[in-house]
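Undergrad: this is a predicted model, with the sequence first.
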Amino acid sequence: MSRTLYLECYSGISGDMTVGALLDLGADEKALREGLESLPLDEFEIAITRVKKSGLDACDFRVILDEAQDPHDHDMEYLHGHEHSHAHHHADGHGHSHEHVYADSHEHSHAHHYAEEAHGHHHHHGHVHRGLHEIQEIINHSGLSRRAKDTALRIFKVLAEAEAKAHGMPVEQVHFHEVGAVDSIVDIAAAALCLDNLDVEEVIVSELYEGRGTIRCQHGIIPVPVPAVANIASVYHLPLHMTETEGELVTPTGAAIAAAVRTSGRLPENYRILKTGMGAGKRDYGRTGVLRAMLIEPAEENAKMPEKASAKEDTIWHLESNIDDCTGEALGYVMDRLMEAGARDVYYAPVYMKKNRPAYELNVICMEEDRKKLEEIIFQNTTTIGIRRMKMERTVLNRSIQEIQTPLGKVGVKICEIGAEKRAYPEYDSIIRLCREHNLSYQQVWNTVSQAAFTIKK
């Protein structure tokens with residue numbers, strides 16, 4: 001069944017906290033380990049343990065690179081601007097003083113990234129310089145499912161854009177010193193694997209709690225939230241709740257995960273909690289350092305009745321704009337951006353405008369909480385100077401996503417209820433995956449899956 005995930009970020013969010021919370025929520029550890037082993041990376045290990053945070057039991061996920069890795073979190077000192085540096089020898093044989101911190105977790109802060117920006121050294125334990133293209137190759141050549149790959153790639157794209165803006169350079173020229181290191185690639189791939197394993201379709205992130213203060217890096221003192229986090233929050237309209245905690249609660253990888261997978265910022269008015277999971281952070285800021293994840297479902301009145309209604313009513317927004325001076329390439333790009341940002345549907349209709357100009361009418365269907373950011377994307381990426389919008393009521397069928405076994409493998413099927421009747425619709429992405437795996441035509445796979453799905457309707 002399709003899952004709705006709520007990430008409660010009252011202690012911030014980071015990559016390892018996210019993975020820990022999803023594992024605690026029920027993501028399969030064996031599937032996670034098998035997926036991570038398929039990554040074409042240098043050797044690494046993962047450790048999954050239980051820890052106590054303010055007396056609460058939580059899952060701790062960490063990436064282990066080698067025994068020489070410094071286990072200390074020196075950044076706790078930098079948050080208040082104290083001087084502290086370590087001479088470190090690198091592959092090029094030169095000593096270099098910088099803040100000795102590592103990749104994305106609440107144990108490893110992001111001062112290291114900014115400290116290394118102007119230096120071309122490589123750590124022997126995996127902190128190499130990788131561009132977005134190299135990271136995409138690593139993900140695409142892994143054994144992750146297509147959906148998990150897409151999620152991981154989307155997270156890295158969010159990060160690349162944020163870092164490019166922070167450093168004033170094109171995305172193609174950004175080289176990841178920190179978020180491109182082995183441990184952070186593993187964190188992001190692990191989060192994508194767990195989301196796929198839990199079959200999460202909707203993700204609610206209402207706000208991110210962030211600390212205050214500064215981080216000292218090689219080039220000076222930078223504020224919390226760090227530039228990459230601030231950029232992600234701005235572009236993707238992630239609400240930040242600033243606290244009095246002295247420290248970095250939201251890491252760039254954590255912010256990127258939230259931005260890339262978030263489909264809504266608002267919880268249902270009434271909902272049932274199906275299961276909870278807690279992922280442990282590594283730092284102690286005097287507050288419970290956990291990310292709580294919940295699988296939820298709306299608690300509707302008709303769910304209390306013996307006969308569940310087959311349809312429900314809600315409201316959506318319809319945005320439209322006529323565009324007669326924009327290229328097809330630009331319109332194709334804006335469609336991708338809109339879908340990534342949470343649009344429920346995007347389509348074009350050919351029209352003729354004044355002076356007999358051929359044009360396209362851009363139509364976007366979205367939820368109320370996503371309307372403003374989608375309008376901004378349209379204005380920024382097209383030549384339109386106006387957007388019409390309408391709030392519309394709609395009636396939608398109850399539906400769920402089930403994974404069924406077919407002669408060709410597992411496939412996702414959408415089940416819709418019309419009174420006592422059930423209709424099964426195989427998911428497009430699942431069909432395409434099986435076509436590629438078995439070198440079969442779309443129609444051949446569709447017929448096989450449809451026969452297997454027929455039993456669900458009985």
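TA: Received it, and whenever you're ready, just let me know what you need.
Undergrad: quick one: list the elements packing against the lengthiest strand in the chain.
TA: The longest strand of the chain (DSSP state E) is strand 311-323. Contacting strand 311-323 under the criterion 3 or more Cβ pairs under 8 Å, 6 or more residues apart in numbering; DSSP states H and E are the following elements: strand 357-366, helix 371-381, strand 388-397. The C-beta positions use only the backbone N, C-alpha and C, and glycine is treated the same way.
Undergrad: mean pLDDT and distance to Val205 for these - can I get that in a markdown table?
TA: Output for the helices and strands packed on strand 311-323, formatted as a markdown table (pLDDT from 0 to 100; distance: least, Cβ to Cβ, whole Å):
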| stretch | mean pLDDT | distance to Val205 |
| --- | --- | --- |
| strand 357-366 | 92 | 17 |
| helix 371-381 | 93 | 13 |
| strand 388-397 | 87 | 23 |
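Undergrad: determine which stretch of the ones you listed is the most buried.
TA: strand 357-366 (a mean of 18; mean count of other Cβ atoms under 10 Å).
Undergrad: tell me the strands beside it, with direction?
TA: Partners of strand 357-366 in the sheet, by DSSP bridges, are strand 311-323 (antiparallel), strand 345-353 (antiparallel).
Undergrad: pLDDT of the last one, averaged?
TA: So that's strand 345-353. Average pLDDT, strand 345-353: 91.
Undergrad: rewinding a little: closest one to His318 among the helices and strands packed on strand 311-323?
TA: Counting by Cβ to Cβ, His318 lies closest to strand 388-397 out of these; the figure is 4.7 Å.
Undergrad: so how far is the closest one off the chain centroid?
TA: 27 Å (Cα atoms, centre = their mean, to the nearest Å).
Undergrad: quick check: what element follows that strand along the chain?
TA: Next along the chain after strand 388-397, taking DSSP states H and E as the criterion, comes strand 399-406.
Undergrad: so for that next one, what gets flagged as buried?
TA: Ile401, Gln402, Ile404, Thr406 (16 or more other Cβ atoms under 10 Å).
Undergrad: now distance to Gly220 too, for the strands paired with strand 357-366, in JSON lines please.
TA: Below are those laid out as JSON lines (distance: least, Cβ to Cβ, whole Å):
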{"stretch": "strand 311-323", "distance to Gly220": "43"}
{"stretch": "strand 345-353", "distance to Gly220": "43"}
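Undergrad: buried deepest among the ones you listed, which one?
TA: Highest mean neighbour count of the strands paired with strand 357-366: strand 311-323, a mean of 16 (counted as mean count of other Cβ under 10 Å).
Undergrad: any chance you could list what contacts it?
TA: Contact with strand 311-323 is made by 300, 302, 331, 344, 351, 353, 359-368, 371, 374-375, 378, 382-384, 386-398, as judged by Cβ atoms under 8 Å, 6 or more residues apart in numbering.
Undergrad: likewise for stretch 146-163?
TA: Counting by Cβ under 8 Å, 6+ apart, 35, 113, 132, 135-136, 139-140, 142, 144, 171, 174, 176, 179, 188-189, 191-193, 195-196, 227-229, 231-232, 235-236, 252-253, 255-257, 259-261, 340, 429, 432-433 sit against stretch 146-163.
Undergrad: wait, Tyr425 sits on Val413?
TA: Yes. Tyr425 is within contact range of Val413, at 6.8 Å (criterion: Cβ atoms under 8 Å).
Undergrad: of those two, give the one with the bigger neighbour count.
TA: More neighbours surround Val413 than the other of Tyr425 and Val413, with 20 against 14 (other Cβ atoms under 10 Å).
Undergrad: you'd agree that one is in a helix?
TA: No. Under DSSP: H, G, I helix; E, B strand; the rest coil, Val413 falls outside any helix and is assigned strand.
Undergrad: let me know the pLDDT of it.
TA: At Val413, the pLDDT value in this model is 84.
Undergrad: quick check: it vs Ile431, distance?
TA: For Val413, the distance to Ile431 equals 10 Å [Cβ to Cβ, to the nearest Å].
Undergrad: residues contacting the spatially closest residue to Asn197 that is not a sequence neighbour?
TA: In space, and not counting its chain neighbours, Asn197 is closest to Ala27: 4.7 Å by Cβ to Cβ, 6 or more residues apart in numbering. Taking Cβ under 8 Å, 6+ apart, we find Ala27 in contact with Leu193, Cys194, Asn197, Leu198.
Undergrad: got the contact list for Ile387?
TA: Applying Cβ under 8 Å, 6+ apart to Ile387 gives the contacts Leu319, Glu320, Ser321, Glu375, Ile378, Phe379.
Undergrad: so what touches the helix or strand Glu297 falls within?
TA: Taking DSSP H and E as the definition, Glu297 sits inside strand 290-298. Residues outside strand 290-298 that contact it (Cβ under 8 Å, 6+ apart) are 3-14, 17-18, 20-22, 24-26, 53, 56, 58, 198, 204, 267-268, 270-281.
Undergrad: for the record, mean pLDDT for it?
TA: Regarding strand 290-298, the rounded mean pLDDT is 93.
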